[in-house]
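J.: When you get a sec, could you give me coordinates for this:
(chains A and B)
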Amino acid sequence: MQIEIRENHFTLLPQKAVFWHETQTLLIGDLHLGKITHFRKEGIAVPNIAADNNFERLNEIVQSTGASRIIFLGDLFHSKYNSEWETFCEWRFQHSYIEMIIVIGNHDVLPVSMFLEADLEVYMNDFEEEEFVFTHHPKVEPNDSKFVFAGHVHPVFTTYGKGRQSLRLPCYVVDKNQAILPSFGVFTGGFQMNLLENRKIYITTEVKVFSVG
Amino acid sequence: MAKSPGHSTVEQWFKYKNWKWAAFQKEAAAAYLSGKSGLVNAPTGSGKTYSLWLPILIRYINSLPDKPTKQKTGLQIIWITPLRALSKDLFRNMEMAALEMNLKLRIGVRSGDTSVKERASQKRQMPEALLITPESLHILFAQKNSSEIFKNLHTVVVDEWHELMGSKRGTQTELSLARLRSINPSLQTWGISATIGNLDEARKVLLGMKGNVEDSVIVKAKSQKKIIVESIIPDRVESLPWSGYMGTRLVDDVVNIVRKGKTTLLFTNTRSQTEIWYRIIIDKYPEFAGIMALHHASLDRELRDWVEESLHNEKLKLVICTASLDLGVDFRPVETVIQVGSPKSISRFVQRAGRSGHQPGAPSKIYFCPTNALELIEAVSLREGVEKNILEDRPPVIQAFDVLAQWMITLAVGEGFEEKQLFEEVRDAYGYQFINRDEWEWLLGYITTGSPSLTVYDEYKKVERIEGRYKVTSRRVAHRHMLSMGTIVSDTALKVKFQHGKYLGSVEESFVTRMKEGDVFVFAGMTVEFVRIHEMTVTVKKAEGKKGALVRWAGGRMPLSSQLSAFIRERLSDAIDNPLKEKELARLQPLLLLQQQRSMIPDQHELLIEQTETREGHHIFIFPFEGRLVHEGMSIILAYRLSKIKPITFSVAMNDYGFELLSDQYVDMETVMKEVDLFSTLHLVDDIYQSVNATEMAKRKFREISAIAGLMFQGYPGKFVKTKHLQASSSLLFKVMSKYEDNNLLVKQAYQEVLTYQLEEVRMREALARIETQKIIVKKTNKPTPLSFPIMVDRLREQLTSEKLEDRIQKMIKQYSDAD
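T.: Residues are numbered from 1 along each chain as shown, chains lettered A, B, ... in the order given. This next block holds a predicted model:
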């Protein structure tokens, strides 16, 4: 699904990431790496195979878009240091030709130095470029001056149909001056979004993106 | 009986108490003293404890040496009881008898409540007799000297065996018994059980596969009390709703009955229901304040103890309770029992009725208070079931690999085991008689290296093989295992307490996480305001005068038993021909006429299908009258078979009488049934497994299985692990194991449990076979009928679909684009 914002072109990928054509950039929100390993340390046994899947999906979108840059919109790593960080670093250096930027989110508790060592460009709050701001927390009242891309809330939308059917799926939320991305990596939960005036919602099934309202 | 010293002492004691041997006590005593094993079948309050405890004392007295010696005999008798609370009263009675006979026999209690000091002293020296729960018994096997502890054990009694047998706690007990018998082959095993449909099987399960059934006995207490069933019938059937399960419209009639008797127990089916009834009575009849109390499993133990104590002391006029008072000691002051809503099983109804009428010769009387109109049919059916003395079976659990895996690790933490010997021993347990070498080897692999997809992770390597013995050497593994032993896995429960510190009880996490400061809810009969939640504790303050939401507890609705369903089909069929035979059905007449007018009342040779269209879509109602679990299974099968014809999505609802398939598309059932045999038993299991819902159900079952089998550590006591996280990780485990392992026994068990317990496969096959002989009648109706309405309004729905997700969305989002 391609949309136009401030004369720039963005593809909302079914895999829950956005591709910005003009700058060949992938926007990825809320990956929450390390969560599974974190659970395991807490005694909740989850095999790491589930985590591998995130990297598979990353590879898929990097290949299909041919991106030369990735901006992570915060909550890249869910926890204190654990072995999954090494897996991430390995993946990162396999893709050393890609420029990577992170805007720090509330779950990113790793010391900044570790991000830097992994050759990420780090922004504590906002990263601005041209007409756009990339950040973790959505702005309460985004103004006309710049358009905001944010993550954090893991938006989902429920559609209803005849015969008491309903479906709850991750979604992109695009308002006049702000877009919120679905979480790339989280397998449960999500914050229910509603349709408003001047709001577009795009739900995704991993296979296809649909526009709602 | 020959007058041994033991006999004389007990005879004297009887004289001193001014009691007489009951016939069944005498019979049980004789059988026990002749060295037999067996089962005593007697109701609560009949002196069933004494029927075994007295002969045990006789044996003890006769075995005393003439001169006192210093020699310690150690543990001789184990008495297993399902509830900690029961052990207190048992202890009192058993110790009293021993003291009154001037015996030095020491009796100990061992449960989760036993203090560390007491445990330590038991470790130094075991008492001669030990009252213990199945879980605590397993913990004794995790000690390094366990065979030493049980060396001199000669008798095991399992109390309330009917209660334990049908659950994994029963399986746990079977494993303990098998082990005890292998330590001491001459062990005498006895059970005490209320009446159930499969008493013979109960004895077999108790004695194990190698047990000699011919040489054992079932002793039955003769004095079965007469039970009188009376329905509370409103003057007009219109005053009962068509659907609903609260029953509070009959509160005035109920209070009138309560006033007549000394003490009344009011049984409801859910914890929320007890809270509602308590509020309604207090609001309408404030004079009940102080003489009425609540009793359910979420309330603080101290509160419940107080209620029980007050019941004994005749301080209470009315106690509103759930199954939490089904078991346990008798409350002599109770004269009246009222059951609100269908108990769904005849056995449960009879057991509750037995809570009243303790004067010798007095009948037990139970009132049935219907919560909706159709339950009047159940009232008649219950009465018939009671009169014909029909009782449900308690089928024992078979092939529970999770419990076995836990047991193997328990033994490895203790003395360790030699696998060939343990394999033979385990096959002595009824629940594992069919286990084969392949399955056994899989389990050995599982406890030593984890299942095949987990072998790279160290935390699953729990047990090591050292010189042919399987042992746990890591203290961390042992410690974690000890903390997570047991077979009861519940939602994370949070404690509820007042700001000044008084505990009220506990609620499920799912309920509280939606609350915010200032929200009001009803708990323990009080209206309280939510203040905050911290770690595992919910702090509240009193909020009188405010209106509150009701605490909703998880916990499934019980399905109608197949025995009771059969009676209901019969009654309904009969109601057409003999409308005035029973007063309940006579009162129901207007509603039955309406059903006949709008659709029809099926007789026993007919299966009714109703089809109707509303704003919501196209409804198909099918009424097999087989209980909600069977209906759940059938709805999956039917939806799957219908969806093979064309892509379609159904939302499904059900109750004990029938189920509904609701869709946005019309299905002409008459035409479809000419082409497809929807109710065929062919490919039944395959068709169930094909549907996504079966996978979802298995995934949910897997959470309990993975916790019992030790795959998931539920956290240290007091440490808060969110249920959501546990759920998420167990479903990840499930996914990975189903994807990468063909032969994972725990995954297989999850599917088997879905078939056996969630969908009642055996019963479903019988029901489908019956339907094949029935005439299927499809009625197109304009309005909802008395039978279909209660299902139609049920909001709890599952979806079943064969449409592509993308196609479904396309259809749904049309409404948004239309609005544009």
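
J.: for A:Ser166, what are its contacts?
T.: By C-beta atoms under 8 Å, 6 or more residues apart in numbering or on different chains, the residues touching A:Ser166 are A:158-160, B:799. For the C-beta atoms, the positions are set from N, CA and C on the backbone; glycine is no exception.

J.: Secondary structure element for it, which one?
T.: Element membership of A:Ser166, judged by DSSP states H and E, is strand A:165-174.

J.: Which of the contacts of A:Ser166 ranks first by neighbour count?
T.: Neighbour counts for the contacts of A:Ser166 (other C-beta atoms under 10 Å in any protein chain shown) peak at A:Thr159, which has 21 neighbours.

J.: where exactly do the helices run in the stretch 651-800 of chain B?
T.: Under the criterion DSSP state H, counting those that start in this stretch, helices of the stretch 651-800 of chain B are mapped to B:669-675, B:684-690, B:692-708, B:723-740, B:745-753, B:761-773, B:789-792.

J.: B:Arg271: neighbour count?
T.: Summarising burial for B:Arg271: neighbours were counted as other C-beta under 10 Å, giving 26.

J.: Assess the claim that it and B:Ala297 are in contact.
T.: Yes. B:Arg271 is within contact range of B:Ala297, at 7.0 Å (criterion: C-beta atoms under 8 Å).

J.: any common contacting residues for these two?
T.: Listed as contacting both B:Arg271 and B:Ala297 by C-beta under 8 Å, 6+ apart are B:Thr322.

J.: Of all residues in chain A, which one is nearest the centre?
T.: For chain A, A:Gly29 is the residue whose C-alpha lies nearest the centre (C-alpha atoms, centre = their mean; 1.6 Å).

J.: wait, what's in contact with that one?
T.: Residues in contact with A:Gly29 (C-beta under 8 Å, 6+ apart) are A:16-17, A:72-75, A:150-152, A:180-184.

J.: Could you pick out which of those are located in strands?
T.: Secondary structure assignment by DSSP state E places A:72, A:150, A:180 of the contacts of A:Gly29 in strands.

J.: quick one: which of those residues is most hemmed in?
T.: Counting neighbours by other C-beta under 10 Å, A:Phe72 leads these with 27 neighbours.

J.: Distance of the residue sitting furthest away from the middle of chain A relative to B:Asp253?
T.: Relative to the centre of chain A, and counting by C-alpha atoms, centre = their mean, the farthest-placed residue is A:Gly163 at 33.7 Å. A:Gly163 sits 40 Å away from B:Asp253, taking C-beta to C-beta, to the nearest Å as the criterion.

J.: Likewise for A:Ile203?
T.: Distance, A:Ile203 to B:Asp253, using C-beta to C-beta: 53 Å.

J.: Check B:Leu733 too.
T.: B:Leu733 sits 52 Å away from B:Asp253, going by C-beta to C-beta.

J.: quick one: which helix or strand includes B:Ile609?
T.: When elements are defined using DSSP H and E, B:Ile609 is found to belong to strand B:606-614.

J.: what residues does the helix or strand just after that strand touch?
T.: Toward the C-terminal end, the helix or strand that comes next after strand B:606-614 (DSSP H and E) is strand B:617-623. By C-beta under 8 Å, 6+ apart, the residues outside strand B:617-623 that reach it are A:162-164, B:602, B:607-613, B:634, B:638, B:657-667, B:669, B:787-788, B:791-792.

J.: again, only using 7 Å
T.: Applying C-beta atoms under 7 Å, 6 or more residues apart in numbering or on different chains, the contact partners of strand B:617-623 are A:162-163, B:602, B:608-612, B:657-667, B:669, B:787-788, B:791-792.

J.: what about residue 64, how many residues close to it?
T.: Reading this off chain A. The burial count assigned to A:Ser64 is 11, neighbours taken as other C-beta under 10 Å.

J.: could you do chain B instead?
T.: The criterion is other C-beta under 10 Å. On that basis, B:Leu64 has 15 neighbouring residues.

J.: ok so, going back, would you list the ones in strands among the contacts of A:Gly29 in TSV and tack on distance to chain B and pLDDT?
T.: Compiled in TSV, the ones in strands among the contacts of A:Gly29 are given as follows (distance: C-beta to the nearest C-beta, whole Å; pLDDT from 0 to 100):
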residue	distance to chain B	pLDDT
A:Phe72	23	97
A:Ala150	24	96
A:Ile180	19	96
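
J.: What is the nearest of those residues to B:Ser342?
T.: Each of the ones in strands among the contacts of A:Gly29 was checked against B:Ser342 using C-beta to C-beta; the closest is A:Ile180, at 49.0 Å.

J.: Touching, that closest one and A:His154? I think so.
T.: No. Look at A:Ile180 against A:His154 with C-beta atoms under 7 Å: they stay out of range, at 9.2 Å.

J.: who touches both of the two?
T.: Taking C-beta under 7 Å, 6+ apart as the contact criterion, no residue touches both A:Ile180 and A:His154.

J.: re earlier: which parts of the strand holding A:Ser166 are buried?
T.: The neighbour-count check on strand A:165-174 (16 or more other C-beta atoms under 10 Å in any protein chain shown) flags A:165, A:167, A:169-174 as buried.

J.: just curious, which of those is nearest to chain B?
T.: Of all the buried residues of strand A:165-174, the one sitting nearest chain B is A:Gln165; the distance, using C-beta to the nearest C-beta, is 5.7 Å.

J.: Report the backbone C-alpha coordinates of stretch B:778-797 in PDB.
T.: This file holds the C-alpha atoms of stretch B:778-797, laid out as PDB (Å, rounded to 0.1, in the frame of the first residue of the first chain):
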ATOM      1  CA  VAL B 778     -35.600 -28.500   9.700                       C
ATOM      2  CA  LYS B 779     -38.000 -25.700  10.700                       C
ATOM      3  CA  LYS B 780     -37.700 -22.200   9.300                       C
ATOM      4  CA  THR B 781     -38.900 -19.800  12.000                       C
ATOM      5  CA  ASN B 782     -39.700 -16.100  11.900                       C
ATOM      6  CA  LYS B 783     -39.000 -15.300  15.500                       C
ATOM      7  CA  PRO B 784     -36.600 -16.800  18.100                       C
ATOM      8  CA  THR B 785     -38.100 -19.700  19.900                       C
ATOM      9  CA  PRO B 786     -37.900 -20.500  23.700                       C
ATOM     10  CA  LEU B 787     -35.200 -23.000  22.800                       C
ATOM     11  CA  SER B 788     -33.200 -20.900  20.500                       C
ATOM     12  CA  PHE B 789     -33.400 -17.600  22.300                       C
ATOM     13  CA  PRO B 790     -31.000 -18.400  25.200                       C
ATOM     14  CA  ILE B 791     -28.300 -19.400  22.700                       C
ATOM     15  CA  MET B 792     -28.900 -16.500  20.400                       C
ATOM     16  CA  VAL B 793     -28.200 -13.900  23.200                       C
ATOM     17  CA  ASP B 794     -25.000 -15.600  24.300                       C
ATOM     18  CA  ARG B 795     -22.100 -13.200  23.700                       C
ATOM     19  CA  LEU B 796     -19.400 -15.700  24.300                       C
ATOM     20  CA  ARG B 797     -18.600 -16.800  20.800                       C
END
